[in-house]
Every structure is written in C-alpha cells, then in structure tokens.
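1. sequence unavailable; structure follows:
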C-alpha cells in the first residue's frame, strides 16, 4: 500500500513516516519544499500545499491511505479546503484516512472527511511534549524555567506515540469511525516537568512562578491577539478534563505503553544543554 503523509516535516509527520516504513508501507511525503525535507531513502517526496488542492492531483494519485492535518502549515490557520481534499481522497480510491485534530471542536476538514464516506480515524492529542522546548533557552543559560499556573496539570503526549497510533490506523482494519484521544502516561504540572528535566540532565533546574499579569504581558509582547490570550488563560485557569486525564489509548491501539516525559527529555537533552 502507498500512504500519503501530509504535514510530513512536522514532529508528528516525520515520526509517522518512520513508523510506516517500519511497517513495510510505501510512503509519499507531502511538503512545500522537497529540497529541505531530508527524508530516509525510499520515501517519495512530492511538493504541494493543502491550501491549494488544485495542485495535489499527483500527490493523491494511487494512494490507498492518507494522513491529513487540519491546519495550513504556513500560519497554522484552519484549512478551508476540506471539501476539495475529501473529494481528492475519494476520487483516488483512498480507503483509510487519519485526521490530526487540533481542537476540541471538529474542523471544517474533519467534517468534510466524515461526510465524504471515507474510512476516517480522528486523532485528538492533548498537549505535545515538544511544547517544553520553549524552555530550552532559559534551561541552557540559567537553569531556570519561568512559568505561571503551577497547579495546572497536563497529560502531555509524545509525538511519536501520536504517529504510531496513526500508523496502526492507516495500515490495519478496525479503526474506521473511531476518535482516539491521546495522552501520555502521566498528568504533570509545570514544576513536575521541570524537576524531571533536571533529573535527566543531572543538574539543578529551578521553576520560577510567574504571576498572571506577568505571563499575560509576555503574551502581548509576543504579539498574540486578545482573543488568543483569553483562550490561553481559559486553558490554564479552567482546563477541560480531557487535557489532564490519562487514558490508555496508546497502549490499546499500539500494544505498548505510552512514552513518558522523561523518555522525551532524554531524546531531546541536547536542546536543554545536556
């Protein structure tokens, strides 16, 4: 079978390419700039943009399964081309589709895929472990992480676990029409994640608590709109239960336990100065 992976240069996409290759699938990777993709030998790389379906005929030709992302890779805006992408998949004879959701509410792309008679599986991960890379600079230079809302928990998930669930759904029967909420094996606060980073690095890393006003000021300085800031605050002061509830989905789908945050830190220790 040939599997088309969109968002192939992202953290989930790259891991998915590797998992599919390990399963013996032929992989076609969609990227805006094939010259900078640097995929393993045997991966067919094609140029394309999900926001421009008219140019994706070659990418979809002959594929039996497709992994879709719900946002434009350039500015992370929700894709408005869901109906056209669903039609491309249907016309190509695609039998299985995984859709990486980015919100609690379904995107226009997810709605179109579900309405299009395709064998879809929705992947709904909570917070990515890779968000901790935002702390890498201050950990390297000062041994400090500055974060507000220290009591808020998150069942952070390893991107490779998301990819492995997608690989199973794209290559095996029994996953059509399912929505998989994906979490790691622990629900962690920021201070707990900081402690784990320090333990893996073998040196002290301190958590410094920011006030609400300080963190809002940072977001404004970074150029976020007021509606974005309101959303960030809501997620931190009254997070949805799904964001901090550990689920066994990764183990149930893949047959092995979800990777821990410590596992992720060991893989990315160099970014933190380890």
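-> Arrived safely, thanks for sending. This is a predicted model, so every value here is computed, not measured.

2. and the nearest residue to residue 88 once chain neighbours are set aside, how many neighbours does it have?
-> Spatial nearest neighbour of residue 88, excluding adjacent residues (Cβ to Cβ, 6 or more residues apart in numbering): residue 60 at 4.7 Å. For glycine as for every other residue, the C-beta is placed from the backbone atoms N, C-alpha and C. As a burial measure, residue 60 scores 23 neighbours (other Cβ atoms under 10 Å).

3. ranges for the strands of the stretch 151-274 of the chain?
-> Assigned by DSSP state E, counting those that start in this stretch, the stretch 151-274 of the chain shows strands spanning 178-182, 206-209.

4. what's the most buried one of the ones you listed?
-> When the strands of the stretch 151-274 of the chain are scored by mean count of other Cβ atoms under 10 Å, the highest mean neighbour count falls to strand 178-182 (a mean of 18).

5. who touches it?
-> For strand 178-182, the surrounding residues in contact (Cβ atoms under 8 Å, 6 or more residues apart in numbering) are 121-126, 157, 161-162, 165, 169, 242, 247, 249-250, 253.

6. same check, this time on stretch 99-112
-> Under Cβ under 8 Å, 6+ apart, the answer for stretch 99-112 is 7, 12, 67-71, 78-83, 85-86, 113-114, 120-125, 162, 166, 240, 242.

7. show the end-to-end separation of it, please.
-> Criterion Cα to Cα, to the nearest Å; first-to-last residue distance in stretch 99-112 is 11 Å.

8. chain center to it: distance?
-> Taking Cα atoms, centre = their mean, to the nearest Å, the mean C-alpha location of stretch 99-112 is offset from the chain mean by 13 Å.

9. identify each buried residue in that stretch, please.
-> Judged by neighbour count using 16 or more other Cβ atoms under 10 Å, the buried positions of stretch 99-112 are 99-101, 106-107, 109-110, 112.
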